[in-house]
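Student: curious how this folds, go ahead:
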Amino acid sequence: MDFIRYAEAAASLLNADLSEVDGLVAYLDDRPRLQERAIDRDCMVLRKLQRELRPVFDAGEAGDLGGVVRGLNGLLSRHPITPQISDHDGQHLHLHVAAGSGSVAEQVVGESLLGLATLICDLGADRLGVCSSAPCTNAFVDASPNRSRRYCSERCSSRANVAAYRARRRASATA
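Tutor: Got it, this is the predicted structure:
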């Protein structure tokens, strides 16, 4: 299991439009076996997870370790995870999340929660963030070596930097 990839997928899940199955299929872009099984009920379950997971990222952004831990522990108790060791790729042993009912939503929930729990235990709760570019509220996982990420994407970073540059130019022109 690549816990950073699963944690990043959890952040992407928060940012996904899951109002229809097409949005879930788009979120599952690189997972055709799950795409073909996605149904409306999966969207409903994952929209609920989005609402429950948002406070965890907000707490991470605020530096509230207790809020992150309480939030994730609450979700882990409501969504029990069954990790299993896999050797399907013939390369090395790694963990996968086994979906009890086999639903797409249960698979995504399990991967998201196990990825986030492992990430915060190994790297810290301050790796969860919310974009600093107003009005964007997208969540992200900061996997940078120096914990310096502030934006969800290059687009938001560029937009914020251009706005700051223009503000400095206006301020120096009026001074």
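Student: quick check: phi and psi at His79.
Tutor: phi -130, psi 80 (degrees, to the nearest 10).
Student: do you know how far it is from Ala59?
Tutor: Going from His79 to Ala59 by Cβ to Cβ, to the nearest Å gives 18 Å. Glycine gets a C-beta too; all of them are placed from N, C-alpha and C.
Student: dump the residue contacts of Leu14.
Tutor: Gln50, Leu53, Arg54, Phe57, Asn138, Ala139 (Cβ atoms under 8 Å, 6 or more residues apart in numbering).
Student: do Pro83 as well
Tutor: Met1, Leu95, His96, Val97, Ala98, Leu114 are the contacts of Pro83 under Cβ under 8 Å, 6+ apart.
Student: ok, it to Ile4 distance?
Tutor: Distance of Pro83 to Ile4, computed by Cβ to Cβ: 16 Å.
Student: Cys43 too?
Tutor: 26 Å.
Student: Ser112 too?
Tutor: Separation of Ser112 from Ile4 (Cβ to Cβ): 12 Å.
Student: cool, and Phe57?
Tutor: 15 Å.
Student: those two - which one has more neighbours?
Tutor: When Phe57 and Ile4 are compared for neighbours, Phe57 comes out ahead with 23 against 16, by other Cβ atoms under 10 Å.
Student: once you drop chain neighbours, what's closest to that one?
Tutor: In space, Phe57 comes closest to Ala139 once its chain neighbours are excluded; the distance is 4.2 Å by Cβ to Cβ, 6 or more residues apart in numbering.
Student: residues of the lowest-mean-pLDDT helix or strand in the chain that come out buried?
Tutor: Here the helix or strand of the chain ranked lowest by mean pLDDT, DSSP states H and E is strand 94-98, holding a mean of 77. Neighbour-count burial for strand 94-98 flags Leu95, His96, Val97 (criterion: 16 or more other Cβ atoms under 10 Å).
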